[in-house]
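Asks: here is my input, please return the structure:
(2 chains)
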Amino acid sequence: MQLTNRSKLVVNKQMTFWERIYLPAILKGMATTLKHMIRLTFGKSNTLRYPEVTKEFAPVYRGWHVLKRDAQGRENCTACGLCAVACPAEAITMVAEERQKGEEHLYREEKYAAVYEINMLRCIFCGLCEEACPKEAIFLTDRIVPSDYVRQDFVFGKDMLVEKMDQRIDITVRQMQVKERVAAKVAQ
Amino acid sequence: MMYILLFDFAFILQKMGLIGVIFLITLTIAAYSTYGERKIAAFLQDRIGPDRAGPFGLLQPVADGVKMFMKEDFIPANANKGLFILAPGIFMFVACMTSAVIPWGTTLTLFGANIDLQVTDINIGILYIMGFVSLGVYGIMIGGWASNNKYSLYGAIRASSQMISYELAMGLSLIAIVMMTGTLSLRTMAEQQSGFQWNVLYQPLGFLIFFICALAECNRAPFDMAECETELIGGYHTEYGSMKLGFFLFAEYINMFVSCAVISTVFFGGYNFPGLDPSWLGGLMGPIVLFSKIFFFIFVFMWIRWTLPRFRYDQLMHLGWKGLIPLAIVNMLLTGAITLWLGK
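Replies: Prediction:
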């Protein structure tokens, strides 16, 4: 029984004289490589000169997480733990703390995350944490997680995750995508 | 007496200068062949190649040289130390020696003096080259043996048997040329091919055999049995590092340059080109023409290397002994018969 059309009949046929002296085949091969050389010399190369030019990321790329602040610079995260529950890789841990008087300019809600850690070696960058977050506090960005020598250094704390006020990270596109994804899941 | 001494001194100075210049040119060309090889390989494979060191990566050979010198000079514990050090030296020495008999041009007029553009015009030039080329096997063989490594030994044995088998066909194809031209001197051969009377037009088969054998003699793909990165992880120079490895690689490029020079001289008219008198520009036209031919053949060598896969070892021996040698003998007999018939 024939399942596909990919099978080929094997024939042990003798090579002809021209095949046996190799030369026509060699010249054909050399013509092919020369064609490539001419095309590269007078045409455009496909090579991207990496350090100077970087390839644009796909809009759905999911990289290094960011913990957002709001317009006044207060942390959005309220340490509800929904992201940690949603995380299939159990990469997120946090310790919640109550906001004290005089800290209103630091944290938006009455509760905040005193410790917030993501283990980047466990994280599978699925994006379920950003879907689970009710406060729009965590998002995955197009930044690549840097390489390191020690496993312990891949546990990113708040110093690596919370966005700095002088280098705010634009996540408007991401926000829309997450909303669409959540809406699609709710519709199901 | 005084007169003779004075004359000899000028003569020796002239020759020393010429040797120095040729040595320098050879080394420069060998260095830049590595750059050219990588560039051509890249272009044939739709890549860009080295372009970081200097404009277009032109300083790449310098960077490679510095790297080679800075590396740890390592000798394996059970290697034969003396031979291990000697081998790259032999290989390099032999490679440099072969360029002595090649006529680079007619005569160069410089500061009112006429300089013969050939280090020495011995009347057995081509035999001298064949002799030195076969000495090159010793460099590889000793290097592979002294490393005390099975892969190195494999590479060395393969290289030596390959070179011995292909030298036969090479010599036989050259005998046809010698019968036709009636001389062993490369200078006379070049002079006979003035204009467009190139030997390749009378000996196309001989050229083909010689060219294939030259590829095999230089250990270049598709005959790079001695190195075989995929099977023998470098073959005879597996255990070599630092500048010793550099010497081996460098000498291979020098060999390639010299064999291209021999092909150009013996088959493609040397410094002759129709319409271009080699004595133009004060004699510089000859070298320019010859070097253009050499560069073209170096390009062809690289072009072949980056097009063809390696021969299997039995195919290699099959081609050498059952293909090229009988063909070369037939070519030789035909040439002899025709020469007799024409009564030259």
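Asks: list, one by one, the residues from chain A near chain B.
Replies: Residues of chain A found near chain B, taking Cβ under 8 Å from any Cβ of the partner chain as the criterion, are A:21, A:26, A:29-30, A:32-34, A:36-37, A:39-41, A:45-47. For glycine as for every other residue, the C-beta is placed from the backbone atoms N, C-alpha and C.
Asks: what sits up against stretch B:249-261?
Replies: Residues from elsewhere that reach stretch B:249-261, judged by Cβ atoms under 8 Å, 6 or more residues apart in numbering or on different chains: B:26-27, B:29-31, B:33-34, B:37, B:88, B:91-92, B:94-96, B:98-99, B:102, B:129, B:133, B:136, B:139, B:214, B:217-220, B:237, B:290, B:293-294, B:297-298, B:301.
Asks: do the longest helix belonging to chain B and chain A meet at all?
Replies: Ranked by number of residues, the top helix in chain B under DSSP state H is helix B:2-44. Yes - using Cβ under 8 Å from any Cβ, we find that helix B:2-44 touches chain A at B:Ile40, B:Phe43, B:Leu44.
Asks: could I get those residues as a markdown table with distance to A:Val182?
Replies: Formatted as a markdown table, the entries for the residues of helix B:2-44 next to chain A read as follows, by distance: Cβ to Cβ, whole Å:
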| residue | distance to A:Val182 |
| --- | --- |
| B:Ile40 | 55 |
| B:Phe43 | 51 |
| B:Leu44 | 52 |
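Asks: ranges for the strands of the chain?
Replies: This is for chain A. Secondary structure of chain A, counting by DSSP state E: strands at A:65-67, A:92-98, A:111-119, A:138-140, A:155-156.
Asks: please go with chain B instead
Replies: For chain B, applying DSSP E gives strands covering B:107-110, B:113-116.
Asks: possible to save these as a markdown table with distance to chain A?
Replies: Output for the strands of chain B, formatted as a markdown table (distance: least, Cβ to the nearest Cβ, whole Å):
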| stretch | distance to chain A |
| --- | --- |
| strand B:107-110 | 35 |
| strand B:113-116 | 38 |
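Asks: list the contacts of the residue nearest the centre of chain A.
Replies: The C-alpha lying nearest the average C-alpha coordinate of chain A belongs to A:Arg62 (Cα atoms, centre = their mean; 3.3 Å). Counting by Cβ under 8 Å, 6+ apart, A:Arg62 makes contact with A:Phe125, A:Cys126, A:Gly127, A:Leu140.
Asks: enumerate the residues of chain B near chain A.
Replies: In this structure, chain B approaches chain A at residues B:40, B:43-48, B:303-304, B:306-308, B:323, judged by Cβ under 8 Å from any Cβ.
Asks: change it to 10 Å
Replies: If contact is defined as Cβ under 10 Å from any Cβ of the partner chain, the residues of chain B in contact with chain A are B:40-49, B:51-52, B:208, B:212, B:222, B:300, B:303-304, B:306-309, B:311, B:315, B:319, B:323, B:327.
Asks: may I see the ChimeraX selection of the buried members of the residues you listed?
Replies: The ChimeraX command for the buried members of the residues of chain B next to chain A (criterion: 16 or more other Cβ atoms under 10 Å in any protein chain shown) is given here:
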select /B:40,41,42,43,44,49,208,212,222,303,304,306,307,308,311,319,323,327
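Asks: and the residues of chain B next to chain A, which of them are in helices?
Replies: The helices in this structure, assigned by DSSP H, contain B:Ile40, B:Ala41, B:Ala42, B:Phe43, B:Leu44, B:Leu208, B:Ile212, B:Val300, B:Trp303, B:Ile304, B:Gln315, B:Leu327 from these.
Asks: any idea how far the closest residue to B:Phe84 other than its chain neighbours lies from B:Ile164?
Replies: In space, not counting the residues next to it along the chain, B:Phe84 is nearest to B:Ala146; the distance is 4.1 Å by Cβ to Cβ, 6 or more residues apart in numbering or on different chains. Counting by Cβ to Cβ, to the nearest Å, the gap between B:Ala146 and B:Ile164 amounts to 20 Å.
Asks: what does B:Gly136 give?
Replies: As for B:Gly136, its distance to B:Ile164 is 12 Å (criterion: Cβ to Cβ).
Asks: more crowded one of the two?
Replies: Neighbours per residue (other Cβ atoms under 10 Å in any protein chain shown) separate B:Gly136 from B:Ile164, with B:Gly136 holding more: 25 against 12.
Asks: so how far is chain A from the more buried one?
Replies: The gap separating B:Gly136 from chain A is 26 Å, by Cβ to the nearest Cβ, to the nearest Å.
Asks: skipping adjacent residues, who's closest to that residue in space?
Replies: The shortest distance from B:Gly136 to any residue that is not its chain neighbour, by Cβ to Cβ, 6+ apart, is 4.6 Å, and that residue is B:Val94.
Asks: quick one: residues contacting the one you found.
Replies: B:Gly131, B:Phe132, B:Val133, B:Ser134, B:Leu135, B:Gly136, B:Val137, B:Tyr138, B:Gly139, B:Ala251, B:Ile254, B:Asn255 (Cβ atoms under 10 Å, 6 or more residues apart in numbering or on different chains).
Asks: recalculate using a threshold of 7 Å.
Replies: Applying Cβ atoms under 7 Å, 6 or more residues apart in numbering or on different chains, one finds that B:Val94 lies in contact with B:Phe132, B:Leu135, B:Gly136, B:Gly139.
Asks: quick one, what contacts the closest residue to A:Glu136 other than its chain neighbours?
Replies: Nearest residue to A:Glu136, sequence neighbours excluded (Cβ to Cβ, 6+ apart): A:Asn76, at 6.1 Å. Each residue near A:Asn76 by Cβ under 7 Å, 6+ apart is listed here: A:Lys68, A:Arg69, A:Asp70, A:Arg108, A:Lys135, A:Glu136, A:Ala137.
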